[in-house]
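Asks: Compute the structure for the input listed below.
(2 chains)
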There are 2 protein chains.
Amino acid sequence: MSLSSPTDNPYSEMQIADVTAYMADLGHRARRAARALARSETAAKNRALLAIATDIEHSRDAIATANHHDLEAGAAKGLDAALLDRLELTPPRIDAMVAGLREIAALPDPIGAITELDFRPSGIQVGRMRVPLGVVGIIYESRPNVTADAAGLCLKSGNACVLRGGSEAFASNQAIAASIHRGLAEAGLPIDGVQVLATTDRAAVGSMIRMPEAIDVIIPRGGKGLIERISREARVPVIKHLDGVCHVYIDEGADLDKAHAVALNAKTQRYGTCNTMETLLVAEAAAGQILPRLAAAFSDRGVELRGCPRTREIVAEALPATEADWEAEYLAPILAVRVVAGLDEAIDHIARYGSGHTDAIVTSDYARARRFLREVDSSSVMVNASTRFADGFEYGLGAEIGISTDKFHARGPVGLEGLTSQKFVVLGDGHIRG
Amino acid sequence: MSLSSPTDNPYSEMQIADVTAYMADLGHRARRAARALARSETAAKNRALLAIATDIEHSRDAIATANHHDLEAGAAKGLDAALLDRLELTPPRIDAMVAGLREIAALPDPIGAITELDFRPSGIQVGRMRVPLGVVGIIYESRPNVTADAAGLCLKSGNACVLRGGSEAFASNQAIAASIHRGLAEAGLPIDGVQVLATTDRAAVGSMIRMPEAIDVIIPRGGKGLIERISREARVPVIKHLDGVCHVYIDEGADLDKAHAVALNAKTQRYGTCNTMETLLVAEAAAGQILPRLAAAFSDRGVELRGCPRTREIVAEALPATEADWEAEYLAPILAVRVVAGLDEAIDHIARYGSGHTDAIVTSDYARARRFLREVDSSSVMVNASTRFADGFEYGLGAEIGISTDKFHARGPVGLEGLTSQKFVVLGDGHIRG
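Replies: Below you'll find the model as predicted:
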């Protein structure tokens, strides 16, 4: 008997006649649970996080069985190897989910913190208290570990969440949801606080992004097409992450060894991540010295270079870059290279072609470092550091639920704080306005 | 010859054949200017603010003439007295515009400030730098002073702005825009940084809220209908201010004099403002003592009371409140009154009927004050202070561009900081990711 036979699937999909009604009910329950989670004590939230982690550990077999079902069904549907790889919950990946939840439990609780409580001339004291956003909707694709990570971050930040994972990971997500619900119950928190959709019906996504009465923000995680469609159609705010067209600019007079190391790391440490360098800009005065050595190192690693005419005068093997190369997010061992006159041209290039994600300068010059930091309008701007550092863990946020390429609300890696807001608190002693 | 004859209007409307093309060009110019404003030095922005203030002072006659034209045209169109009053630029109102700009010049510049620059285990330093949002679109109604106030706040926070005032204030707004442009030019800043629409065509508003390539956020200021329509149709984030259904809850054991003073001030200091109390909640144990004296004071001031059955047992002259009264933003001398069992019922009432604007408790009890602050989910939550304090000036924000009843991005009174975002800055010395 094959594992993919219906009777072996412990998480077969619910038959839902009216998806709109199902989503309205689910949203209503999430909203109600959000109120309870918002006022939950730190200890209760941590207890739940640890209970969920332990339950996942103890449920390894059930989770693996569900995942195996997804993998077999995916293979039968002809999903490609990369997608099946993302879908797979290997034992180390289950360990990572468990460890991630314990790390979230160990993070400071942002909720309730009051900052800047100052006296005003009227005699009142005014400050701000950090509060949850309410209900967070997350739409993601094949990786089932997101179910645990996202639920953990939302729970710690006092938010309820509605999770819609990829249909190919349905059984895996349901198995993880079962652990989450047992952990919440064990800690005395409402299980409605984490809603994992029990349907893969696409109409549910349409409902989810258009119910401001139930969901306060949508975080889509996936390809650009998915994110653009959701942003266009959503009736609630969206924290979105579009392209990462990241630049490293090597300035005139930069330390050549540092420039070499940073550029090489930014491109080759990993090719498929959004904070990987896609275009290298080199000041004219530094190009002759830096480019031959860098080109050789990239060549050793199999990176294809596509250069402007001046780059190609120095690096003969570089292919000619077209306008499209300056806008490309390759996510592959390909690098666009452009020689620029200096800082101004580099900043102009980044403003025109960049995606506002992460851009770095390598320089020894104080004034140009200062200008680059101020004038480049990206979510992360770096001096003498690899763009690969743009990451919630590297920044000390503890964990990240995504990276925002927007400016509104959250920008760059989004950790617990990005899932919160601040309300004003006013303390008086019978004060009235005159 | 009447002042309203076309030849006397110094600011007759441009004839624009293609509104979409006009808006696209205006947006493009705003976007370009935004880049220059983002990197402008504090001194240049302050010089411009002071130059605009001085120019408005010197242009009093021209502004008054334009305003007179608007008033005559408005009267001829049959606008009501309240609207004509809001439209009028009296000499004190012109003084207030001038003073407002000088106050904004005196505020600290939020842009470029770096906070929390910490070393990470990898050796990089990570912090956040405050940056402008980019281009702010503001859609407002009859008050022409908003043109100067909004332009001033956007300028100080390094943002370009696109301003669309009420069609009835067209000439007044154009006259103020002329002063703004002269002031910007005098300070060497791009006049494209403040765009005041030269058309009253409603199609321009439709364009304005759907051009994410040019405008980063829309702030509508006006009636609920306008704000709801814009929120529904906008393709960019909206900072919106819907209802102010504000509550004061008088707790068991509250100091009666303070409770009396706060409740009276919250309702009667001004009737038409969003932070005016609309519903009074009184703990059962305090109702017998507090309500008769308060009812008499409200009666003296001509405030109509609409009470729950238990309120009416104590205050015979109160009319019966219906369900609609608990949701009403009267903006008038009418007050809904409800006797509740205690704190829990008060918090539940506020969660169910409130608008998340401003809510206050009057109490002597430490634990209940703490719970109210934590559990009431409103943009301002107060202890022993009048709801009328919910205001950017009272909170020390210096000035406000509006009050947000959203949680996303900005909540409560929005000052300069609400018009900014933060990017990550990373400082290294050749650091690479391992």
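Asks: hey, let's count contacts and neighbours off CA atoms from now on
Replies: Noted.
Asks: Please name the residues that touch residue A:351.
Replies: A:376-377 (C-alpha atoms under 8 Å, 6 or more residues apart in numbering or on different chains).
Asks: for the residue nearest to residue A:293 when sequence neighbours are not counted, helix, strand, or coil?
Replies: Closest residue to residue A:293 apart from its sequence neighbours, by C-alpha to C-alpha, 6 or more residues apart in numbering or on different chains: residue A:260 at 8.0 Å. Under DSSP: H, G, I helix; E, B strand; the rest coil, residue A:260 falls in the helix class.
Asks: now do residue A:162
Replies: Quick answer, by three-state DSSP: residue A:162 is strand.
Asks: From residue B:217, how far off is it?
Replies: 26 Å (C-alpha to C-alpha, to the nearest Å).
Asks: So which of those two has more stuff around it?
Replies: residue A:162 (29 against 25; other C-alpha atoms under 10 Å in any protein chain shown).
Asks: The more buried one and residue A:198 touch, don't they?
Replies: No - contact criterion C-alpha atoms under 8 Å: residue A:162 and residue A:198 do not qualify, at 10.9 Å.
Asks: Around chain B, which positions in the stretch 301-434 of chain A sit nearby?
Replies: Selection of the stretch 301-434 of chain A residues close to chain B by C-alpha under 8 Å from any C-alpha of the partner chain yields A:362, A:373-375, A:377-386, A:388-389, A:394-396, A:407-412, A:421-434.
Asks: circling back: what sits against the residue nearest to residue A:293?
Replies: Contacts of residue A:260 by C-alpha under 8 Å, 6+ apart are A:290, A:293-294.
Asks: can you tell me which helix or strand the residue in chain A that chain B sits nearest to belongs to?
Replies: Closest residue of chain A to chain B, C-alpha to the nearest C-alpha: residue A:409 (3.8 Å). Using DSSP states H and E, residue A:409 sits within no helix or strand.
Asks: check contacts around it.
Replies: A:418, B:408-410, B:421.
Asks: how about a cut-off of 10 Å?
Replies: A:237-239, A:418-421, B:237, B:407-410, B:418, B:420-422 (C-alpha atoms under 10 Å, 6 or more residues apart in numbering or on different chains).
Asks: now residue A:352
Replies: So residue A:352 contacts A:326-327, A:346 (C-alpha under 10 Å, 6+ apart).
Asks: Just the ones of those in helices?
Replies: Those of the contacts of residue A:352 mapping onto helices are A:326, A:346, per DSSP state H.
Asks: Could you dump the contacts of residue A:352 into a markdown table and include neighbour count?
Replies: Below are the contacts of residue A:352 laid out as a markdown table (neighbours: other C-alpha atoms under 10 Å in any protein chain shown):
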| residue | neighbour count |
| --- | --- |
| A:326 | 24 |
| A:327 | 20 |
| A:346 | 26 |
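Asks: would TSV of the contacts of residue A:352 with pLDDT be doable?
Replies: Conversion of the contacts of residue A:352 to TSV gives the following (pLDDT from 0 to 100):
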residue	pLDDT
A:326	98
A:327	96
A:346	98
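Asks: helix or strand right after the strand or helix carrying residue A:257?
Replies: Using DSSP H and E, residue A:257 sits in helix A:256-268. The helix or strand immediately downstream of helix A:256-268 is strand A:277-283, counting by DSSP H and E.
Asks: and the angle from that next one to helix A:256-268?
Replies: 150 degrees (axes from the mean of the first three to the mean of the last three C-alpha atoms, to 10 degrees).
Asks: Would you map the helices across the stretch 301-434 of chain A?
Replies: A:309-314, A:323-326, A:343-353, A:366-375 (DSSP state H, counting those that start in this stretch).
Asks: contacting residues around the shortest one?
Replies: When you say that, I think you mean helix A:323-326. With C-alpha under 10 Å, 6+ apart as the criterion, helix A:323-326 contacts A:245, A:278-280, A:306-308, A:334-338, A:349-350, A:352-354.
Asks: So how do I select the buried members of those in PyMOL?
Replies: Here is the PyMOL command that selects the buried residues among these (16 or more other C-alpha atoms under 10 Å in any protein chain shown):
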select buried, chain A and resi 245+278+279+280+306+307+308+334+335+336+337+338+349+350+353+354
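Asks: residues from the stretch 101-250 of chain A in reach of chain B?
Replies: Contact residues, the stretch 101-250 of chain A versus chain B (C-alpha under 10 Å from any C-alpha of the partner chain): A:111-113, A:118-134, A:216-217, A:231-238.
Asks: on that earlier part again, the residues of the stretch 301-434 of chain A next to chain B in strands, which ones?
Replies: Mapping these onto strands (DSSP state E) picks out A:362, A:380-385, A:412, A:421-431.
Asks: about what we covered before: can you turn the buried subset of the contacts of residue A:260 into a selection I can paste into ChimeraX?
Replies: In ChimeraX syntax, the buried subset of those is picked out as below (16+ other C-alpha under 10 Å):
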select /A:290,294
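Asks: mind putting the contacts of residue A:260 in a markdown table, distance to residue A:158, pLDDT and secondary structure included?
Replies: Output for the contacts of residue A:260, formatted as a markdown table (distance: C-alpha to C-alpha, whole Å; pLDDT from 0 to 100; DSSP: H, G, I helix; E, B strand; the rest coil):
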| residue | distance to residue A:158 | pLDDT | secondary structure |
| --- | --- | --- | --- |
| A:290 | 50 | 96 | helix |
| A:293 | 51 | 97 | helix |
| A:294 | 48 | 97 | helix |
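Asks: Pull the number of nearby residues for the spatially closest residue to residue A:83 that is not a sequence neighbour.
Replies: Computed as C-alpha to C-alpha, 6+ apart, the closest residue to residue A:83 that is not its neighbour in sequence is residue A:142, at 6.9 Å. Residue neighbour count, defined by other C-alpha under 10 Å, stands at 21 for residue A:142.
Asks: any idea of the pLDDT on residue A:142?
Replies: pLDDT recorded at residue A:142 is 80.
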